[in-house]
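Visitor: Predicted model follows, preceded by the sequence.
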Amino acid sequence: MNFRSLSVGVAVLFLMGCSDPTIDASSDESMKESIDKVRDSLPESERKEFDDSIQILAFSQIDMKDLFAAGATGAGNLEGKVRDSLDGMTAEQVISEADRVRAERKARERQQALEEIKELEKRRKQAEHAETELEKFEVVRSRFYMREKQYGREQPVIELTVRNGTDKAVARAYFEGTLASPDRSVPWHEDTFNYSIPGGLEPGEEAEWQLAPNMFSDWGNIDAPADAVFTVTVEQIDGADGDPLYSTRDFRESDMERLNKLKQEFGLE
């Protein structure tokens with residue numbers, strides 16, 4: 001063997017000996033041992049990233065729906081998928097693949113967030129339009145009090161005077177009532193109620209109602225002072241066919257908070 005051939009052979013052996021260690025996932029034991037070896041071959045500063053990447057790749061194989069459907073068999077299949085996904089990979093490949101999985105996950109999360117934002121914005125605009133229209137169904141007067149009864153508990157009473165300023169007949173109205181004192185920041189009571197209007201309320205008509213909530217409900221447990229003021233907000237009105245005409249009930253304060261949070265998180269403000 002000449003010197004040139006010997007040099008090439010030594011170089012090949014040297015390169016083979018210096019190759020990066022890889023994960024052997026032929027068994028659980030070999031996978032654990034080889035992962036430890038791959039991890040130990042890294043500088044201390046890179047080991048945390050490697051550990052995180054291993055977890056990301058392992059969890060990326062989990063499909064919870066399939067796992068629950070398959071039971072114990074699914075758990076076995078999952079272990080096989082995890083081994084297959086890691087087998088033969090170097091530390092650099094593990095980290096690179098984990099970066100790809102992260103990028104795909106972020107892209108999916110962003111797309112899902114954009115769809116949710118679109119839906120929330122649509123509902124917000126509908127609620128704003130509904131709020132404008134519901135102002136035409138006016139609560140002219142509202143009062144709450146407890147009526148004494150000869151026997152048993154007092155009967156809660158809600159008195160309302162309403163005027164239908166919309167151009168549609170209204171068969172049922174939904175309200176939110178708040179009983180509060182002017183000098184207190186926390187109301188004595190907040191709750192919703194609704195009323196099915198006998199014969200409906202035609203455009204331009206006005207009506208006075210005296211409603212009697214269930215005395216065993218929260219309305220029957222109110223103990224408010226005489227200076228408490230009862231205010232009522234219209235949340236929804238239904239037409240003669242029973243379908244909602246206008247409603248703000250599908251977009252609450254929590255929906256607005258969710259919308260603002262998503263827009264801020266994804267830089268859409």
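Guide: Perfect, thanks for sending it. Numbers count the residues shown, from 1 in each chain.
Visitor: okay, now M31: neighbour count?
Guide: M31: 18 surrounding residues under other Cβ atoms under 10 Å. For the C-beta atoms, the positions are set from N, CA and C on the backbone; glycine is no exception.
Visitor: Is it part of a helix or strand, or is it coil?
Guide: Look at M31: counting by DSSP: H, G, I helix; E, B strand; the rest coil, its state is helix.
Visitor: so which helix or strand takes in E128?
Guide: Secondary structure assignment for E128, by DSSP states H and E: helix 91-134.
Visitor: and after that helix, which helix or strand comes next?
Guide: Trace forward from helix 91-134 with DSSP H and E and the next one is strand 137-147.
Visitor: In that next one, which of the residues would be classed as buried?
Guide: For strand 137-147, burial by neighbour count (16 or more other Cβ atoms under 10 Å) applies to F137, V139, S142, F144, Y145, M146.
Visitor: in the stretch 1-150 of the chain, which ranges drop under the pLDDT threshold?
Guide: Applying pLDDT under 70 to the stretch 1-150 of the chain flags residues 1-18, 63-78.
Visitor: hmm, back to that, now, which of the buried residues of strand 137-147 sits nearest F193?
Guide: Closest approach between the buried residues of strand 137-147 and F193, by Cβ to Cβ: F144, at 10.5 Å.
Visitor: and the closest one, what does it touch?
Guide: By Cβ atoms under 8 Å, 6 or more residues apart in numbering, the contact list for F144 reads P156, V157, I158, E159, G177, L179, I222, A228, F230.
Visitor: and which of these is nearest to E49?
Guide: Among the contacts of F144, G177 lies closest to E49 (Cβ to Cβ), at 56.6 Å.
Visitor: Count the neighbours of the closest one for me.
Guide: 22.
Visitor: Quick check: it vs S45, distance?
Guide: For G177, the distance to S45 (Cβ to Cβ, to the nearest Å) stands at 62 Å.
Visitor: got it, and E202?
Guide: With distances taken as Cβ to Cβ, E202 is found 77 Å from S45.
Visitor: Next: R123.
Guide: Counting by Cβ to Cβ, the gap from R123 to S45 is 48 Å.
Visitor: Specify which residue of those two has the higher count of neighbours.
Guide: A direct count of neighbours by other Cβ under 10 Å for R123 and S45 places R123 higher, at 17 against 7.
Visitor: Report the contact partners of that one.
Guide: When the contact criterion is Cβ under 8 Å, 6+ apart, the partners of R123 are D250, F251, D255.
Visitor: which ones among those are found in helices?
Guide: Counting by DSSP state H, the part of these found in helices is D255.
Visitor: nearest to V94, of the contacts of R123?
Guide: Among those, and counting by Cβ to Cβ, the member closest to V94 is D255, at 40.9 Å.
Visitor: number of nearby residues for that closest one?
Guide: Using other Cβ under 10 Å, D255 is surrounded by 15 other residues.
Visitor: List the contacts of stretch 183-194.
Guide: 158, 172-181, 211, 213, 218-219, 222-224, 228, 235-236.
Visitor: What subset of these is buried?
Guide: Among the contacts of stretch 183-194, those buried by neighbour count (16+ other Cβ under 10 Å) are 158, 172-175, 177-180, 211, 213, 219, 222, 224, 228, 235-236.
Visitor: Among those residues, which lie within helices?
Guide: When DSSP H is applied, the buried ones among the contacts of stretch 183-194 are split such that none fall in helices.
Visitor: Can I get stretch 259-269 in CSV? Just the C-alpha atoms.
Guide: Output in CSV follows, covering the C-alpha atoms of stretch 259-269 (Å, rounded to 0.1, in the frame of the first residue of the first chain):
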residue,chain,number,x,y,z
LEU,A,259,-60.7,39.8,20.8
ASN,A,260,-58.4,42.4,22.2
LYS,A,261,-56.1,39.8,23.6
LEU,A,262,-55.8,37.9,20.3
LYS,A,263,-55.2,41.1,18.3
GLN,A,264,-52.5,42.2,20.7
GLU,A,265,-50.8,38.7,20.8
PHE,A,266,-50.7,38.5,17.0
GLY,A,267,-49.8,42.1,16.4
LEU,A,268,-53.1,43.1,14.8
GLU,A,269,-53.9,46.2,16.8
